[in-house]
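>>> Give me a 3D structure for the following:
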Amino acid sequence: MDSLESLPKNKRNFHHLIHLIIIKQRVKVRNQAKPLITKQAFKVDSKIIRRGFESVRPLKAIYLTRIGLAVVAAALSTAITVAFGERGINTFLNGVTIALLIYLITYYVFKAKYRTQVEKQSKIMTTAIGIYFFTWLVTWLLMYTVAISIGLAPAPVPA
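Numbering: from 1, shown residues only. Predicted coordinates for the structure are as follows:
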């Protein structure tokens, strides 16, 4: 192809103008900020936290953490029941108390951590409340049943 100097002046100006337009478009595309908030069809928090190579939404992180903590609460409830050798309704009430304490502690921790990233503050309290207690109950029943079957915990008193 001919160099720009060998072209007539009007064609050089045209090529120069096209070149400037292309450069301007490239700069504009590079300088556009990518939004952190995405549109979703349902009402959940859509702000994103960057962790390593993956992005995790705050409510999803709260959800998954509470599922894991429900298993920890069930294990702790079983261990305390086995350690004190309790029977009857106290066994269940102590377990529920431990599960509630862990849930409330996580609420205050998550509230401090995700206060600015969650649109509604009430979502921090209500996120995963059902799955937390369901997971705790199922896991606690399984662990307590295993503890009874291997002789670590006393068998329940028949009514």
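>>> Let me see the mean pLDDT of whichever strand or helix holds Leu141.
If you go by DSSP states H and E, Leu141 is part of helix 129-149. The pLDDT scores in helix 129-149 average 92.
>>> quick one: contacts of it?
63, 66-67, 69-71, 73-75, 77-78, 81-82, 91, 95, 99, 103, 153-156 (Cβ atoms under 8 Å, 6 or more residues apart in numbering). Backbone N, C-alpha and C define where each C-beta goes, glycine included.
>>> Buried residues in that helix, which are they?
Using 16 or more other Cβ atoms under 10 Å as the test for burial, helix 129-149 gives Tyr132, Phe133, Thr135, Trp136, Leu137, Thr139, Trp140, Met143, Tyr144, Ala147.
>>> still on that earlier bit, which of the contacts of helix 129-149 are buried?
Neighbour-count burial (16+ other Cβ under 10 Å) applied to the contacts of helix 129-149 gives 66, 69-70, 73-74, 77-78, 81-82, 91, 95, 99, 103, 153.
>>> Nearest to Ile21 among these?
Arg66 (53.3 Å; Cβ to Cβ).
>>> Find the least confident helix or strand in this structure, judged by mean pLDDT.
Here the helix or strand of the chain ranked lowest by mean pLDDT, DSSP states H and E is strand 49-51, holding a mean of 51.
>>> The helix or strand hosting Leu104 - contacts with which helices or strands?
Assessed by DSSP H and E, Leu104 sits inside helix 89-114. With contacts taken as 3 or more Cβ pairs under 8 Å, 6 or more residues apart in numbering; DSSP states H and E, helix 89-114 sits against helix 58-84, helix 122-126, helix 129-149.
>>> buried ones in it?
In helix 89-114, counting by 16+ other Cβ under 10 Å, buried: Thr91, Gly95, Val96, Ile98, Ala99, Ile102, Tyr103, Thr106, Tyr107, Phe110, Tyr114.
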